[in-house]
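Novice: Following is a predicted model, sequence given first.
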Amino acid sequence: MPFDAPVTNTLLLSTLSFWLHNEVVRVPFDSLCLVASLAEAQKWLGAKAQKVVQVTPKTLALQLYAGGEGWLWLTWDAETARLVTGHRPERSMELAPFARELKKRLEGARLRSAEVVG
């Protein structure tokens, strides 16, 4: 389990979107992208989860601290699912029940591992 907290969850990863020649192109978020995202998350091992922010109904940003601040973005939307490190969210919304539960379980926890299971 990646966090020192009693939580289990599964992210269904499907596609990322980006603009190419004024057209939205859907890029599969496949195992290669997942491994790259997890490799990027390795630098945050041992980081403390300080804050959970709901950015959209299906996107959370988790503030991590390990000598400096960083953000881990989790999106479980069927078309734009992703797990990436990124910037501080510019906006937030009221926490939905799922986000409130994650906040309760994750704030203060430390990131122990980031790995592909299965």
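Specialist: Structure received.

Novice: which residues sit in contact with the residue most central in space within the chain?
Specialist: Residue closest to the average C-alpha location in the chain (Cα atoms, centre = their mean): Leu74, at 2.6 Å. Each residue near Leu74 by Cβ atoms under 8 Å, 6 or more residues apart in numbering is listed here: Leu11, Thr59, Leu60, Ala61, Leu62, Arg82, Leu83. To be clear about C-beta, it is placed using only N, CA and C from the backbone, and glycine gets the same treatment.

Novice: Over to it. Which of the three states is it?
Specialist: Remark: Leu74 carries the secondary structure label strand [criterion: DSSP: H, G, I helix; E, B strand; the rest coil].

Novice: Report the two of the contacts of Leu74 separated the most.
Specialist: Across these, no pair lies farther apart than Leu11 and Ala61, at 14.1 Å, counting by Cβ to Cβ.

Novice: Of those two, give the one with the bigger neighbour count.
Specialist: Shown here are Leu11 and Ala61; by other Cβ atoms under 10 Å, Ala61 has more neighbours (21 against 13).

Novice: Centre of the chain to the host helix or strand of the more buried one, how far?
Specialist: Using DSSP states H and E, Ala61 sits in strand 59-65. Computed by Cα atoms, centre = their mean, to the nearest Å, the separation of strand 59-65 from the middle of its chain amounts to 7 Å.
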